[in-house]
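K.L.:
Below are the sequence and a predicted model; questions follow.
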Amino acid sequence: MSTASSHVEPTAQAGTSPVAGTSPAGDTISSTSADRLAVAASTFVGLFDRWANRKAVEAGASVPRLRLLYEVHCHGPQKMADLADALAVTPRNVTALVDGLEADGLVRRLPHASDRRVTLVELTCNSDRVAAQFATYQSSIASLFVAMTEDERLTLLRLLMGLQARMNAEAACSTTDAEAPIA
């Protein structure tokens, strides 16, 4: 069942009031508005991913392929493990991406100069082509926000950066908790 087609508006039952709670930051929130926001965000993320993938294909590659090519374009030859970290994917995913890009003649694997266990990935294609493809993709994404006022864009940017910081902090906390010895 797709997120976009399963949009459900949570509502309070007749005769009941929305349950209030507090966010981790201590803010009082209505569970109804938080639930509605969760559904809207989930729906948006799914739609945005599909839309962005179409824009990437129009620019010349899939989003993961564009991101990998652009990472190597910007930072030079990269270790496979570093690419996995930079792209926030598994090493297996990087291997599959590199296999496809290598088959298309866009990258090649090189042995590391001093560590035989490490494989580097470098561009074999014109780096200007990669930059142009990524710029086309980035520009098409930016077009989504053109109809917004500058204040709306800055507000959205502030909210997205705040949410990203909260998710990163939670992930860091989870990682620290997972690594802590059990008493």
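P.N.:
Noted; the coordinates are in hand.

K.L.:
what about the helices in this structure?
P.N.:
Counting by DSSP state H, the chain has these helices, from start to end: 31-59, 63-75, 80-87, 91-103, 127-142, 150-179.

K.L.:
and residue 144, how many neighbours?
P.N.:
Per other CB atoms under 10 Å, the neighbour tally for residue 144 reads 12. Backbone N, C-alpha and C define where each C-beta goes, glycine included.

K.L.:
And for it, nearest residue in space, chain neighbours not counted?
P.N.:
Distances taken as CB to CB, 6 or more residues apart in numbering put residue 51 closest to residue 144, at 7.9 Å, once the chain neighbours are dropped.

K.L.:
and that neighbour, how many residues sit next to it?
P.N.:
Around residue 51 there are 13 residues (other CB under 10 Å).

K.L.:
picking up where we left off before, could you point out which of the helices of the chain sits nearest residue 116?
P.N.:
Nearest of the helices of the chain to residue 116, taken as CB to CB: helix 80-87 at 13.8 Å.

K.L.:
Give me the buried stretch members for the closest one, please.
P.N.:
Judged by neighbour count using 16 or more other CB atoms under 10 Å, the buried positions of helix 80-87 are 80, 82, 83, 84, 86, 87.

K.L.:
now stretch 96-106: mean pLDDT?
P.N.:
In this model, stretch 96-106 carries a mean pLDDT of 92.

K.L.:
For residue 61, give me its contacts.
P.N.:
Applying CB atoms under 8 Å, 6 or more residues apart in numbering, we find residue 61 in contact with 69, 133.

K.L.:
tell me which of the buried residues of helix 80-87 is nearest to residue 47?
P.N.:
For those, the nearest to residue 47 is residue 87 (22.0 Å; CB to CB).

K.L.:
Leaving out sequence neighbours, find the closest residue to the closest one.
P.N.:
Per CB to CB, 6+ apart, closest to residue 87 is residue 67, 5.5 Å.

K.L.:
Looking at the one you found now. What's its pLDDT?
P.N.:
The model's pLDDT for residue 67 equals 90.

K.L.:
Return, as residue ranges, the portions of this structure with sub-threshold pLDDT.
P.N.:
Scanning the chain for pLDDT under 70 picks out the ranges 1-31, 175-183.

K.L.:
If we use 50, what do you get?
P.N.:
1-20 (pLDDT under 50).

K.L.:
quick revisit: please render the helices of the chain as JSON lines that adds distance to residue 118 to the earlier fields.
P.N.:
Listed next are the helices of the chain as JSON lines, based on distance: least, CB to CB, whole Å:
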{"stretch": "helix 31-59", "distance to residue 118": "29"}
{"stretch": "helix 63-75", "distance to residue 118": "15"}
{"stretch": "helix 80-87", "distance to residue 118": "8"}
{"stretch": "helix 91-103", "distance to residue 118": "12"}
{"stretch": "helix 127-142", "distance to residue 118": "22"}
{"stretch": "helix 150-179", "distance to residue 118": "24"}
